[in-house]
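J.: one predicted model, sequence on top.
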Amino acid sequence: MKPSGLQVRFRAVYLQGRRRLRQAGKAPVAPSGLSVNADGYDVTLNLSWVDQSSTETSFELWRNISGGAFNLLVTLAANTRAFEDSGVTVGITYGYKMRACNGAGCSVFSGPVYGDPNPV
C-alpha cells in the first residue's frame, strides 16, 4: 500500500555503448499537414509535413501497400520535412502515416494519407 502523499516517478535509463543516457520528459508533438504528391516525371511519391516539435530526435514514416498493414518504411533525422519514396510501382496505392519520436516515446500518428504514382 502506498503511503498517503507519496509520489512515485520513473526515469527511463538507456544504455548505448558505454554512454549512459537519461531521458525524462514527454514524447514530442505529432507532425501536421502530412501530404503526398506524385512526381509527374519519375515513379516517385513526394511526402511533406510540418514539424510541430522542437524535441524530436527522429521521425518514423510508415507505409502500407494497397490497404495492407502499415510497416515502418524509414526512420528520418530530426527536423526533416520531406521524403521522396522511389520504391513505388505505378497502379498501386500507397498509404503513409508518421510520428515524431524521442527518448521519452513517440507522438500519435499523423495521417494516413494515400497516393498513387503516375508518371508522364
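T.: That came through, no problem.
J.: shaky segments in this structure?
T.: 1-24, 119-120 (pLDDT under 70).
J.: for it, what spans make up the strands?
T.: In the chain, the segments counted as strands under DSSP state E are 12-16, 19-23, 32-38, 45-50, 58-65, 71-77, 82-85, 94-102, 105-106, 110-115.
J.: can you say which of those is packed in most?
T.: strand 94-102 (a mean of 22; mean count of other C-beta atoms under 10 Å). Every C-beta, even on glycine, is put in place using the N, C-alpha and C of the backbone.
J.: export that one to CSV, keeping only CA atoms.
T.: As requested, C-alpha coordinates have been extracted for strand 94-102 and formatted as CSV (Å, rounded to 0.1, in the frame of the first residue of the first chain):
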residue,chain,number,x,y,z
TYR,A,94,0.3,3.6,-51.0
GLY,A,95,-0.7,4.8,-47.6
TYR,A,96,1.5,6.7,-45.3
LYS,A,97,1.4,7.8,-41.6
MET,A,98,4.2,9.2,-39.4
ARG,A,99,5.1,10.2,-35.9
ALA,A,100,7.8,12.1,-34.1
CYS,A,101,10.0,10.3,-31.5
ASN,A,102,12.5,11.0,-28.8
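J.: name every strand pairing with that strand and say which way it goes.
T.: Strand 94-102 pairs in its sheet with strand 58-65 (antiparallel), strand 105-106 (antiparallel), strand 110-115 (antiparallel), by DSSP bridges.
J.: with distance to Arg81 as added columns, please give these in JSON lines.
T.: As requested, these are arranged in JSON lines below (distance: least, C-beta to C-beta, whole Å):
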{"stretch": "strand 58-65", "distance to Arg81": "9"}
{"stretch": "strand 105-106", "distance to Arg81": "18"}
{"stretch": "strand 110-115", "distance to Arg81": "13"}
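J.: for Ala78, which of the ones you listed is the nearest?
T.: Each of these was checked against Ala78 via C-beta to C-beta, and the shortest separation belongs to strand 58-65, namely 6.1 Å.
J.: what residues does the closest one touch?
T.: Strand 58-65 is contacted from outside by 31, 47, 70-78, 80, 83, 85, 92-102, 106, 109, 112, using C-beta atoms under 8 Å, 6 or more residues apart in numbering.
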